[in-house]
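Participant: Turn this into a model:
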Amino acid sequence: MSLLERIRIIPLTVRVPAMVALLMMVVSLIISERVLDRLNDMQEQHLNGVAGTYFDGLSTVLIPAVLRQDVWETYDLLDRTRTMFQALSPIETVVTGRDGLVLASSDPRKIPVLSRLPDAFSERGTSGDIRVDWQSDTGFGTRPLIYQGKTIGTVHASFDISHLVAERYQVLKTLLATNALLALVFAATGYVLTRRMVKPVTTLAQHMRASAAGTPHTIPLAEFPRRNGELGDLFHGFNALVEAERERSALTRRLAEEEKLASLGRLASSMAHEINNPLGGLFNSIDTLKQHGANEAVRGTSLSLLERGLAGIRDVVQAALATYRPDRSGRALVLRDLEDVRLLAGPQIAGRRQTLTWMSNPADLTIPTLSGSAVRQALLNLVLNASAAAGDNGAISVETRLQDDGSALILSVTDTGPGLPKAATGVLTSPEPWPAAQLAGGLGLWMVRKMVDEAGGHISLGRREAEGLTIIELHLPISLSGGETSHAA
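Facilitator: This is a model prediction of the structure:
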């Protein structure tokens, strides 16, 4: 992770105060540098002024003694003037003659008379300006002694500037303390202001996370920002979005119920037709028994017809009960139970003179992790939709099989229809829930998508233009954590 990415993950309430404090430190550094630079100029100007006065006084009194090369008088003048310039704090003063030899010094034992000027003094030059060495707390200066336009000697002096260094240090401490205090004040102020600014966003984020985890709820007015503005508009927009989502969910549930009732109506009509067909033959058998019941051959034929007719009605009723009765026991899926879909969809397929090919392999497989009623209902919806798409004299094929590695159950429904419309394709394959306003006529497919999502599977669509076939496959994962897949006895 790069440094920039690490900075971005720091909370805003920490980042902003830190940036304010950093900015204040940079500004303080620039201001401190300018203040110290200005103070340095002022101190040097002050030192030059005081030292100039010192050199002027010395030059006036020393010229006669230097002209006479009077060592004792020169030393006496240096000793007496030393006490007169205590404010300058001279450390050492040396007077040389025109030949460069020492004529007198404030410390004769260190620098003897008529000796060569030490290199430390000669390196300081002959300029009248003061050179400051802040590292050694010392200032240095020289002044030539001029008489009638000729240089007759030179005065060399060093000064104690520790009081100026202490002043600089005191100013620096004051600047650092002031800047640090200001940085803390600005950082604290930035933290408080940022917390106040971010609080509405945090509130909104909490409600959004809660909405993503469950049923969305509107934000109470008590949690709204005190002042209306962009954040207030954002809160109102979120509440409007929640209300719209509630209305959409309610509309979806209502449409699903209406679709279910319509499906039940079509199923009841189909069952009535399926049951009504054998009833005529059953009543004829009963009349035949009444009239010719004594005849053993007639009696056997009539009873056999009655038994087959009643068995057919029983199978239709049992298939309807298995598919639409609430699965209170949570019974596992047995692939053989999917045969009920053939009976339920049979009347609609027969009414349109369609052919149905059914392939189940293996038919006796039990899958504990899938709900039998939910899968049957989804497969029935797909078969009924395929029948509606195939049209009269069309062909429908249903296949149930396991994936090659045994990790999923695949339910495949193929029809000879023109293909799925865009809305139906969106309902089955869209990453996001399909808008409720566009679900009209497609609630059966929507219920199929809902079952597949709850099972953790996916839907794949295919089209073979050369053969005119549309293929819908449901891939339902088989999780062994809920119990081993087994074969029914």
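Participant: What are the structural domain limits within this structure?
Facilitator: Per automatic domain parsing, the structural domains of the chain span 3-169, 215-325, 328-489.
Participant: Does anything pack onto whichever strand or helix holds residue 43? Which helices or strands?
Facilitator: In the assignment (DSSP states H and E), residue 43 maps to helix 12-67. Judged by 3 or more CB pairs under 8 Å, 6 or more residues apart in numbering; DSSP states H and E, the packing partners of helix 12-67 are helix 71-84, strand 90-97, strand 130-133, strand 138-147, strand 150-160, helix 162-213. For glycine as for every other residue, the C-beta is placed from the backbone atoms N, C-alpha and C.
Participant: Can you give the distance of it from its chain's centre?
Facilitator: In this view, helix 12-67 has its centroid 51 Å away from the chain centroid, taken as CA atoms, centre = their mean, to the nearest Å.
Participant: Ok, stretch 67-79 next?
Facilitator: Using CA atoms, centre = their mean, the distance between the centre of stretch 67-79 and that of its chain works out at 86 Å.
Participant: please renumber so the chain begins at 771
Facilitator: Yep, numbering from 771; the last one is stretch 837-849 now.
Participant: Now do the buried residues in it.
Facilitator: Along stretch 837-849, these residues count as buried under the neighbour rule (16 or more other CB atoms under 10 Å): 840-841, 843-845, 847-848.
Participant: so where's the stretch 821-970 of the chain shaky on pLDDT?
Facilitator: For the stretch 821-970 of the chain, the stretches with pLDDT under 70 are 853-858, 890-899.
Participant: can you rerun that using 50?
Facilitator: Confidence mapping of the stretch 821-970 of the chain against pLDDT under 50 gives the ranges 895.
Participant: just to revisit the earlier point, please identify the most buried of the domains of the chain.
Facilitator: A comparison of these by mean neighbour count, using mean count of other CB atoms under 10 Å, puts domain 1098-1259 on top with a mean of 17.
Participant: Let me know the average pLDDT across that domain.
Facilitator: For domain 1098-1259, the mean per-residue pLDDT is 79.
Participant: The nearest residue to residue 935 once chain neighbours are set aside and residue 814: what is the separation?
Facilitator: Counting by CB to CB, 6 or more residues apart in numbering, residue 935 lies nearest to residue 907, which is 5.2 Å off, once chain neighbours are set aside. Counting by CB to CB, to the nearest Å, the gap from residue 907 to residue 814 is 14 Å.
Participant: try residue 1027
Facilitator: Counting by CB to CB, the gap from residue 1027 to residue 814 is 94 Å.
Participant: about what we covered before: now the helices and strands packed on helix 782-837 in JSON lines, with distance to residue 880?
Facilitator: Converted to JSON lines, these look like this (distance: least, CB to CB, whole Å):
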{"stretch": "helix 841-854", "distance to residue 880": "13"}
{"stretch": "strand 860-867", "distance to residue 880": "8"}
{"stretch": "strand 900-903", "distance to residue 880": "19"}
{"stretch": "strand 908-917", "distance to residue 880": "15"}
{"stretch": "strand 920-930", "distance to residue 880": "12"}
{"stretch": "helix 932-983", "distance to residue 880": "20"}
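Participant: re the thing from before, which one of the buried residues of stretch 837-849 sits closest to residue 914?
Facilitator: For those, the minimum distance to residue 914 (CB to CB) is 15.5 Å, reached by residue 844.
Participant: Enumerate every residue touching the closest one.
Facilitator: With CB atoms under 8 Å, 6 or more residues apart in numbering as the criterion, the residues that contact residue 844 are 832, 835-836, 865, 873-874.
Participant: what residues are up against residue 1124?
Facilitator: Counting by CB under 8 Å, 6+ apart, residue 1124 touches 1157, 1160, 1162-1166.
Participant: try 7 Å
Facilitator: Listed by CB atoms under 7 Å, 6 or more residues apart in numbering, the contact set of residue 1124 reads 1157, 1160, 1163-1166.
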